[in-house]
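A.B. asks: Whatever this is, show me its structure:
(one chain, ligands or ions: 1)
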Amino acid sequence: MPNAVQVSQQTLKPHLEIEGGCRLKGEITVSGAKNSALVLMTASILTNEPVRIENVPELSDINVMANILLEIGVTVKRNSDALTLNAAGISQLNPPYELVNSLRASFFAIGPLLSRRGQAKIPLPGGCRIGARPVLEHIRGLKALGAVVSVEHGVVSASVPGISKRLKGASIVLDCPSVGATETILMAAVLAEGVTTISNAAQEPEVQDLARMLNEMGAQVVGAGGPTITIKGVKQLHGTNYSVIPDRIEAGTFLVAAAITRSKLRVSPVIPEHLSAVLQKLRDCGCQIQIDDEGVTLIPGEIVGVDITTQPFPGFPTDLQAPFMALLTTAKGTSVVTEKIFENRLQHVAELQRMGASIKVQGNIAFIEGVPSLSAAPVSGSDLRAAAAMLLASLAANGTSRVEGLSHLDRGYAHIEMKLNSVGSHILRHQ
Ligand code: EPZ
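C.D. replies: Got it, this is the predicted structure:
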């Protein structure tokens, strides 16, 4: 080709080079849950004794959270997959803006800081590509517990009035079952004086994991995993040694990898009830699902279109909407995907269309017409789960794809190309 512009590797952004069409075989291991480990790390602030958290995934988000906690005086030591955190010496009560702004979960530290020290200054977590990500529910809950909260110049300042500097139990009804707000209020209430009830609480497994660890630290939390959580405040919490639940979103992503490559694959460890809605949709679209005491095996059949609407747990998780849509673009027949949790979480549609997918979007609804095959293309993921969706689509596409957006992907998936290559994929990482 005359004057073809040779784009040399070094001018490309970091990307994965993915050979499509490989069958997968064998078993893939699931790491600890990112969205649990992050909040458990902030819960270590609630005690002046060491908290050891095992099965912590090796992710960039975990490293950012560790740096934020270090900034406020928590010591953090990693030994293999375990973190030991000690908040005995917390000093600084307002972590630096640029760190907090890069990690939404760091805002969840406001509850424990208020509980422990009676005050906190946390920058508002930025919105992101998938939505505005407000924190009004968090603030409403903290105010209900007696905190004085103001938001100025992008920083949330909270303090507990009175000599005791102790929050007071209250009855709180959330406008929406926000995961983060439920976790923030939970961590603020465990050391409050009196009883707190959270109604319309988020029921996600990560909320249940937090409640379990808090109770092992001496808290009195009842009802996590249901719509109403009751917390009887205690004077102090002690250290503990806790292991994070397996990451249900990573597990679901690997199950979709098996389905989209039409491969039989075992994924473990998996807690099946953490993925009920997803396993049901995999069955509905033509896969056999075998559940054993440690994991799940997917045996693909002819993949047919299904309809999906994202809901709070135990409904279909928004974090698997993009990965599952990649599968549906290769299904026989039509599918309708409705995103009801975040207002802007269909950006992966344009990238899937570049690979030949047939999708029309109206508002928060995507209408998908399955195609016999996708074609490899240079694509990128605009957020963590969109990047995962592009990787999955590339596994099934004809030809070799280039997937950019590794900074997003590495936030939520530890060594994803190594794990998939260990079961038969051909993925090369170009830094
Ligand atoms: C958690 O985010 C997860 N992140 C998200 O995972 C996940 O998508 C989300 O829960 C929903 O399951 C972590 O746990 C670190 P929400 P969170 O508050 O807590 C609205 C991933 O890919 N809302 O439950 O921020 C909000 O705008 C990430 O791993 C309010 O309106 O989610 C959204 O529409 C992405 N006001 C809906 O609730 C508030 O005060 C769900 O948000 C708070 C939230």
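
A.B. asks: and after the lowest-mean-pLDDT helix or strand in the chain, which helix or strand comes next?
C.D. replies: Every helix and strand of the chain was ranked by mean pLDDT, DSSP states H and E. The lowest is helix 97-101, at a mean of 79. Next helix or strand after helix 97-101 toward the C-terminus (DSSP states H and E): helix 110-117.

A.B. asks: could you give the angle of the helix or strand that that next one is followed by to helix 110-117?
C.D. replies: Next along the chain after helix 110-117, taking DSSP H and E as the criterion, comes strand 119-123. Strand 119-123 and helix 110-117 meet at an angle of 150 degrees, taking axes from the mean of the first three to the mean of the last three Cα atoms, to 10 degrees as the criterion.

A.B. asks: before we move on, the earlier item: using CSV, write out the CA atom coordinates for the least confident helix or strand of the chain.
C.D. replies: Output in CSV follows, covering the C-alpha atoms of helix 97-101 (Å, rounded to 0.1, in the frame of the first residue of the first chain):
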residue,chain,number,x,y,z
TYR,A,97,-7.8,15.5,46.5
GLU,A,98,-6.1,14.0,43.6
LEU,A,99,-6.0,10.5,45.2
VAL,A,100,-9.6,10.6,46.3
ASN,A,101,-10.8,11.9,43.0
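
A.B. asks: Check which residues of that helix are buried.
C.D. replies: The neighbour-count check on helix 97-101 (16 or more other Cβ atoms under 10 Å) flags L99, V100 as buried. C-beta here means a position set from N, CA and C on the backbone, and glycine is covered the same way.

A.B. asks: ok, which residues in this structure are in contact with the ligand?
C.D. replies: By the rule Cβ under 6 Å from any ligand atom, the part of the chain lying against the ligand is 35, 38, 104-105, 131, 133-138, 176, 178-181, 202, 206, 318-319, 341-342, 384-385, 412.

A.B. asks: Contacts only, for Q236.
C.D. replies: Residues in contact with Q236 (Cβ atoms under 8 Å, 6 or more residues apart in numbering) are T47, L191, G218.

A.B. asks: Can I get these in CSV including distance to A82, secondary structure and neighbour count?
C.D. replies: Converted to CSV, these look like this (distance: Cβ to Cβ, whole Å; DSSP: H, G, I helix; E, B strand; the rest coil; neighbours: other Cβ atoms under 10 Å):
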residue, distance to A82, secondary structure, neighbour count
T47, 17, coil, 23
L191, 25, coil, 22
G218, 21, coil, 17
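
A.B. asks: Show me the shaky parts of the stretch 301-431 of the chain.
C.D. replies: Scanning the stretch 301-431 of the chain for pLDDT under 70 picks out no residues.

A.B. asks: all helices of it, in order?
C.D. replies: 321-328, 348-354, 384-396, 406-412, 416-421 (DSSP state H, counting those that start in this stretch).

A.B. asks: now do the stretch 1-150 of the chain
C.D. replies: 34-43, 60-71, 97-101, 110-117, 136-144.

A.B. asks: for the last one, packing partners?
C.D. replies: So the one you mean is helix 136-144. helix 110-117, strand 148-152, strand 171-173, helix 179-189 (3 or more Cβ pairs under 8 Å, 6 or more residues apart in numbering; DSSP states H and E).

A.B. asks: neighbouring contacts of that helix?
C.D. replies: 107, 110-111, 114, 149, 151, 156, 158, 170-172, 174-176, 178, 180-181, 184-185, 188, 198.

A.B. asks: go with 7 Å
C.D. replies: Residues outside helix 136-144 that contact it (Cβ atoms under 7 Å, 6 or more residues apart in numbering) are 110, 114, 149, 156, 158, 170, 172, 174-176, 178, 180-181, 184-185, 188.

A.B. asks: Report the two of those separated the most.
C.D. replies: Farthest pair in the contacts of helix 136-144 (Cβ to Cβ) is L114 and C176. Separation: 21.8 Å.

A.B. asks: More neighbours: which of those two?
C.D. replies: In terms of neighbours (other Cβ atoms under 10 Å), L114 is the more surrounded of L114 and C176; the figures are 30 against 12.

A.B. asks: Quick check: the gap between that one and the ligand.
C.D. replies: 16 Å (Cβ to the nearest ligand atom, to the nearest Å).

A.B. asks: for K232, same thing?
C.D. replies: On the measure of Cβ to the nearest ligand atom, K232 and the ligand end up 24 Å apart.

A.B. asks: Is that residue in contact with Q220, as I believe?
C.D. replies: Yes: between K232 and Q220 there is a contact under Cβ atoms under 7 Å: 4.0 Å.

A.B. asks: For T240, find the nearest of the helices of the stretch 1-150 of the chain.
C.D. replies: Comparing these under Cβ to Cβ, the one sitting nearest is helix 34-43, at 9.6 Å.

A.B. asks: Domains in this protein, by residue range?
C.D. replies: If you go by automatic domain parsing, the domain ranges for the chain are 8-31+246-430, 34-243.

A.B. asks: Where among the helices of the stretch 1-150 of the chain is average confidence lowest?
C.D. replies: Lowest mean pLDDT within the helices of the stretch 1-150 of the chain: helix 97-101, at a mean of 79.

A.B. asks: Show me what it is packed up against.
C.D. replies: helix 60-71, strand 119-123 (3 or more Cβ pairs under 7 Å, 6 or more residues apart in numbering; DSSP states H and E).

A.B. asks: strand partners of the last one, parallel vs antiparallel please.
C.D. replies: So the one you mean is strand 119-123. Here strand 119-123 is paired, per DSSP bridges, with strand 155-159 (antiparallel).

A.B. asks: before we move on, back to that, closest one to A393 among the helices and strands packed on helix 97-101?
C.D. replies: The nearest among the helices and strands packed on helix 97-101, by Cβ to Cβ, is helix 60-71 at 22.9 Å.
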